[in-house]
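Trainee: Need a 3D model of the sequence below.
(2 chains)
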Amino acid sequence: MARPVATPAKKRAINASLGKMVVGDNSTDLTIYGLGSAFGLVMWAPSIQLAVLSHIIQPSSKGAAVNPATPAKFADWAIPQAIETLLSQGAQKDELVAKLAGGAHPLAAALGNAVKQNSEQVTALLESEGIELVATSLGGSVGRTIIFHPDSGFMDIKMVNGIQEQI
Amino acid sequence: MTVATVTPEMETLIKSGLNKAEEGLSQLLGVPAAIKVDVMTLEPVFDLERLAWAPEAEVVGVYIGYSGDLTGHCLLCFEGDDAQNLAEYMLGGPDEPELVDSAIMEAGNIFVSWLVNGLADSGDWKIIVTPPALARDMLGALVNTILAVASGTSEELFAVCVHFRTAIEGIAGNLMLMPDADSLRALTGLGRSN
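Mentor: Prediction:
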């Protein structure tokens, strides 16, 4: 008689819509569907397999107060909050790592392309907080769907035409 | 300001714009386009997952911005083979990819420009449009990119979403009109922009 094969429990997907921030443990996948010129920034604490995914629109709020409805709209709002969230759950700051995806420019002809400048500003903000950016998938002319797995620390990326990568 | 539904004033305005777009498209194609609206809704675009169309849907999109008495962004999207069907109808059959894209962009330009002219005539507004840009991508990525620009000036953005069919078999489309806050107020009849 064949032995029953245990199927892994399906993980719950939590989507970060534009300007939002979501938190997930190893029972979840953190997602952004159809990420264009905005950014998906993951900050991950491996020891507790906990991650925060922020759907960032621009790097700098230029000093504006945080809007609770869109706490990840700007990187300088999102990064300190993500760190605080992870530390409050038991993470150590020196273990935190970041992964950054997005910044495509599918409509560059009409709306311009500031991806390099924006991604550099996000990277500089991470550095100023002492967070290591360990992997990126940035730019290009098509958008991405990203799926981050807090249990493994990998991010799966899907683009149109069946293109896939993992960072 | 939060507007949750399409007001009668807005529906009348948008339909007058679509009548004009139908006229332009009919002239371009040489046959009556006979646009029929299946669905018209008003959606908060900061919650993409609530949109009627899946953000991962692969589309051919024509983007045109507009400014003046009404300011905002317009995205005309075709799913599946509809964009190809439209181009082949215009070109008389299959053709080089560059020509296909050029034809789709021209059709999108006519559609949106005439639609905006219809709105301008109905509201007695002066509106100018940008040149068109074409992209083949996920719907969400295109909207996401537009919002990254638009959200710099507005915290609360809505899209008038219209799914329409034409009388020509295999050619249907989705229109997303994303006005800024003042323009949305004008379109809903809650106040004039000018």
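
Trainee: and residue B:102, that's in a helix?
Mentor: Yes - looking at residue B:102 with DSSP: H, G, I helix; E, B strand; the rest coil, it is inside a helix.

Trainee: Residue A:155 against residue A:166, yeah?
Mentor: Yes - Residue A:155 is within contact range of residue A:166, at 6.8 Å (criterion: CB atoms under 8 Å). For glycine as for every other residue, the C-beta is placed from the backbone atoms N, C-alpha and C.

Trainee: Those two: which has the busier surroundings?
Mentor: residue A:155 (26 against 12; other CB atoms under 10 Å in any protein chain shown).

Trainee: what's across from the residue nearest in space to the middle of chain A in the sheet?
Mentor: Closest residue to the average C-alpha location of chain A: residue A:41 at 2.8 Å, with CA atoms, centre = their mean. With DSSP bridges as the criterion, residue A:41 is bridged to residue A:54, residue A:100.

Trainee: ok, it to residue B:27 distance?
Mentor: Distance of residue A:41 to residue B:27, given as CB to CB, to the nearest Å: 48 Å.

Trainee: so for stretch A:148-160, what's the average pLDDT?
Mentor: Averaging pLDDT along stretch A:148-160 yields 96.

Trainee: so how far is that stretch off the chain centroid?
Mentor: Offset of stretch A:148-160 from its chain centre (CA atoms, centre = their mean, to the nearest Å): 10 Å.

Trainee: Quick check: end-to-end length of it?
Mentor: Using CA to CA, to the nearest Å, the gap from the first to the last residue of stretch A:148-160 comes to 18 Å.

Trainee: For it, could you pull out the residues that count as buried?
Mentor: For stretch A:148-160, burial by neighbour count (16 or more other CB atoms under 10 Å in any protein chain shown) applies to A:148-150, A:153, A:155-160.

Trainee: Run the contact check for it versus chain B.
Mentor: Yes - under the criterion of CB under 8 Å from any CB of the partner chain, chain B is reached by stretch A:148-160 at A:158, A:160.

Trainee: element containing residue B:25, please.
Mentor: Taking DSSP states H and E as the criterion, residue B:25 maps to helix B:8-29.

Trainee: oh, I was asking about residue A:32
Mentor: Assessed by DSSP H and E, residue A:32 sits inside strand A:28-35.

Trainee: all helices of the chain, in order?
Mentor: Picked chain A for this. Listed in chain order, the helices of chain A (DSSP state H) span A:75-88, A:108-111, A:115-128.

Trainee: hmm, I had chain B in mind actually
Mentor: B:8-29, B:82-91, B:97-123, B:139-150, B:181-187.

Trainee: Quick one: low-confidence residue ranges for the chain.
Mentor: Let's take chain A. Scanning chain A for pLDDT under 70 picks out the ranges A:1-8.

Trainee: oops, chain B please
Mentor: For chain B, residues meeting the criterion pLDDT under 70 lie at B:1-4, B:46-53, B:152-155, B:190-194.

Trainee: show me the contacts for the residue nearest to the spatial centre of it.
Mentor: By CA atoms, centre = their mean, the mean C-alpha position of chain B lies nearest to residue B:175, the distance being 3.4 Å. The contact partners of residue B:175, by CB atoms under 8 Å, 6 or more residues apart in numbering or on different chains, come to B:74-77, B:115, B:160-164.

Trainee: Tell me how far it lies from residue B:22.
Mentor: Distance, residue B:175 to residue B:22, using CB to CB: 12 Å.

Trainee: who touches residue B:148 in this structure?
Mentor: Residue B:148 neighbours (CB under 8 Å, 6+ apart): A:36-38, A:57-58.

Trainee: For it, which non-adjacent residue is closest in space?
Mentor: Nearest residue to residue B:148, sequence neighbours excluded (CB to CB, 6 or more residues apart in numbering or on different chains): residue A:37, at 4.6 Å.

Trainee: for that neighbour, phi and psi?
Mentor: Backbone torsions of residue A:37, given as degrees, to the nearest 10, read phi -80, psi -10.

Trainee: so it sits right up against residue B:145, yeah?
Mentor: Yes - with contact defined as CB under 8 Å, residue A:37 reaches residue B:145; the gap is 4.2 Å.
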